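S.K.: sharing a model that was predicted from the sequence below.
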Amino acid sequence: MAGRILVVDDVATNRIVMKVKLAAACYTVDQAENGASALAAARETRPDLILLDVMMPDMSGLDVCRALKRDPATASIPVVLITALSDRDAKMEGLEAGADDFLTKPVEEVTLLARVRSLLRAQDGVRELQMRDDTVSAFGFAEAASGFEGKDRPGQIALVAPGPRGAVLWKSAIDDRLRAQVRIIPRETALSEATSDASEAPDVFVISADLAQRNEGLRLLSDLRSRPGTRHAATVMILPEGDSERAAIALDLGASDVLHDPFDAKELAIRIGVQLDRKRQSDRMRAGVRAGLEAAITDPLTGLHNRRYALHRMEQMIERNGADLAVMMIDLDFFKTINDQYGHAAGDQVLQQVAHRLRAQLRANDLLARIGGEEFLVVLSDTDHAGAIDCAERLRNAVGGKTFNLARDTLPVKVTASVGLALPGDQGPSPKADMLIRQADAALYGAKAHGRDRVSQVSVTAA
């Protein structure tokens, strides 16, 4: 089934009619006849969506909605209020109670199903992000997400209206009701921002379905949803009054919400605010997942890649570059004496500075990783024998060529490095990553045996 929906209505006929419509669309439908049973069912079955009648005998749908949103176990379940009331105050109260939409009876089937599809699709996206975020947390990589850079900046709202007058009216309707930067942009600017950095794109677009031409806003919506810079932006589509068919099309194209013109200024502000909050929540989870994945492949002390990433990346480089590749193992000489004499904090400072010096000598497409306590791996791509030797000497000199400044009361410390260099031979297939590392490690032992602070090399040919 496509999703589980809880239908709450005190009139059995209404529940049955709704169940028939939803079951025909392959949804699993549960029913509740009053507010108390609705709350119990929501906690027990955790439906994907709740369709909630406003007028019920024991407690109103508004009170049920507030109770659902207060309970952490049910707060994330989307709620659509359905009622015969069509006055403004009832709608505003419903939206402020946390409802995702407010539909007036009799509800058109095409409108209902389009809204259901849209909310379930959004809910699936949130759940997928949550699962990834939970997985990251389970492996202990969640702390890096604390630096989410968008948490304190005001929301960015872009208005794409059919003409200057309409845009100004929209802007004046929401300027004083939202903590956000609201700007009016033409369709062309929206498209150019769709191809730019996602961090600079608006959080929410408000777009008229008809711009210079009919349905031009719908085509813009499709463009925004398909491009990296604006794929995750929320979109509120503005349609003519009574245009339920195109409202359904807009939701199926990926609109986050729809509103019919003429609309209430407060309602537009509330709907934008809801979309802005959801966008920020999704951004935080995406940032957490990205940070967690980065932490999983990064050495926390030096910021370099770790062994896990290095082995995978090496295999890719070997497959792409074949014999035009060199591998180095770099080990700091007598590093234990640094920790013993100056303390582990000083040793950590040396490792951080070494990482910085090594990175400064390498190209962007070269691989540098910390794979042990004081051991570093370097993989050069697109290099020949002479170039590899020259780079190895530069790396050795970058470490030992100047002293390391530690604590204020400590004299500068001299640290040297030994380098083992493995170069694939010209004959036979390219060797595997682990073979190259073993050969570079053997060369490193040779450098250590011959006095340290030197480069030792071997030539490798795969069997």
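M.R.: Received it, and whenever you're ready, just let me know what you need.

S.K.: export whichever strand or helix holds residue 329 as CSV, just CAs?
M.R.: Using DSSP states H and E, residue 329 sits within strand 325-332. Only the C-alpha atoms of strand 325-332 are listed here, as CSV (Å, rounded to 0.1, in the frame of the first residue of the first chain):
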residue,chain,number,x,y,z
LEU,A,325,50.5,6.7,-10.2
ALA,A,326,52.8,6.8,-7.2
VAL,A,327,52.2,5.8,-3.6
MET,A,328,54.1,7.1,-0.6
MET,A,329,54.1,6.2,3.1
ILE,A,330,55.4,9.0,5.3
ASP,A,331,56.3,8.4,8.9
LEU,A,332,57.5,10.9,11.5
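
S.K.: give me the sheet partners of it and which way each runs.
M.R.: Strand partners for strand 325-332, identified by DSSP bridges, are recorded as strand 375-381 (antiparallel), strand 417-424 (antiparallel).

S.K.: least reliable of those going by mean pLDDT?
M.R.: Lowest mean pLDDT of the strands paired with strand 325-332: strand 417-424, a mean of 90.

S.K.: what is the mean pLDDT for the very next helix or strand once past it?
M.R.: The helix or strand immediately downstream of strand 417-424 is helix 433-449, counting by DSSP H and E. In this model, helix 433-449 has a mean pLDDT of 91.

S.K.: now helix 433-449 and strand 325-332, what's the angle there?
M.R.: Note on geometry: by axes from the mean of the first three to the mean of the last three Cα atoms, to 10 degrees, helix 433-449 and strand 325-332 are set 40 degrees apart in direction.

S.K.: circling back: tell me which of the strands paired with strand 325-332 sits most buried.
M.R.: Among the strands paired with strand 325-332, strand 417-424 has the highest mean neighbour count (mean count of other Cβ atoms under 10 Å), at a mean of 26. Every C-beta, even on glycine, is put in place using the N, C-alpha and C of the backbone.

S.K.: quick one on the thing from earlier: same list, the strands paired with strand 325-332, but as TSV with distance to residue 15 please.
M.R.: Converted to TSV, the strands paired with strand 325-332 look like this (distance: least, Cβ to Cβ, whole Å):
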stretch	distance to residue 15
strand 375-381	65
strand 417-424	71
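
S.K.: quick one: closest of those strands to residue 214.
M.R.: Set against residue 214 and scored by Cβ to Cβ, the strands paired with strand 325-332 come closest in strand 375-381, at 53.3 Å.

S.K.: put the alpha carbons of the closest one into CSV.
M.R.: Output of strand 375-381 as CSV, limited to C-alpha atoms (Å, rounded to 0.1, in the frame of the first residue of the first chain):
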residue,chain,number,x,y,z
GLU,A,375,51.8,7.8,9.5
PHE,A,376,50.5,9.4,6.3
LEU,A,377,49.6,8.1,2.9
VAL,A,378,50.1,10.1,-0.3
VAL,A,379,48.9,9.0,-3.7
LEU,A,380,50.0,11.0,-6.8
SER,A,381,48.1,10.7,-10.0
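
S.K.: who are the packing partners of the helix or strand following that strand?
M.R.: Where DSSP H and E defines the elements, the next helix or strand beyond strand 375-381 is helix 385-400. Applying 3 or more Cβ pairs under 8 Å, 6 or more residues apart in numbering; DSSP states H and E, we find helix 385-400 packed against strand 325-332, helix 344-360, strand 375-381, strand 417-424, strand 455-460.

S.K.: make it 10 Å
M.R.: Here helix 385-400 touches strand 325-332, helix 344-360, strand 375-381, strand 417-424, helix 433-449, strand 455-460, going by 3 or more Cβ pairs under 10 Å, 6 or more residues apart in numbering; DSSP states H and E.

S.K.: just to check, residue 341 is in contact with residue 407?
M.R.: No: counting by Cβ atoms under 10 Å, residue 341 sits too far from residue 407 to count as a contact (11.8 Å).

S.K.: can you tell me which helix or strand of this protein has the lowest average pLDDT?
M.R.: When each helix and strand of the chain is scored by mean pLDDT, DSSP states H and E, helix 109-138 comes last, with a mean of 76.

S.K.: can you give me the helices for the stretch 151-300 of the chain?
M.R.: Using DSSP state H, counting those that start in this stretch, the helices of the stretch 151-300 of the chain run over 164-174, 187-194, 216-226, 244-253, 265-296.

S.K.: how about low-confidence regions in the stretch 251-400 of the chain?
M.R.: Applying pLDDT under 70 to the stretch 251-400 of the chain flags the ranges 321-323.

S.K.: what residues of the helix or strand just after the strand holding residue 329 count as buried?
M.R.: Using DSSP H and E, the helix or strand that follows strand 325-332 in sequence is helix 335-342. With burial defined by 16 or more other Cβ atoms under 10 Å, the residues of helix 335-342 counted as buried are 335, 338-339, 342.

S.K.: distance check, the nearest residue to residue 25 once chain neighbours are set aside against residue 249.
M.R.: Distance criterion Cβ to Cβ, 6 or more residues apart in numbering; nearest residue to residue 25, sequence neighbours excluded, is residue 113 at 5.8 Å. Residue 113 sits at a distance of 12 Å from residue 249 (criterion: Cβ to Cβ, to the nearest Å).
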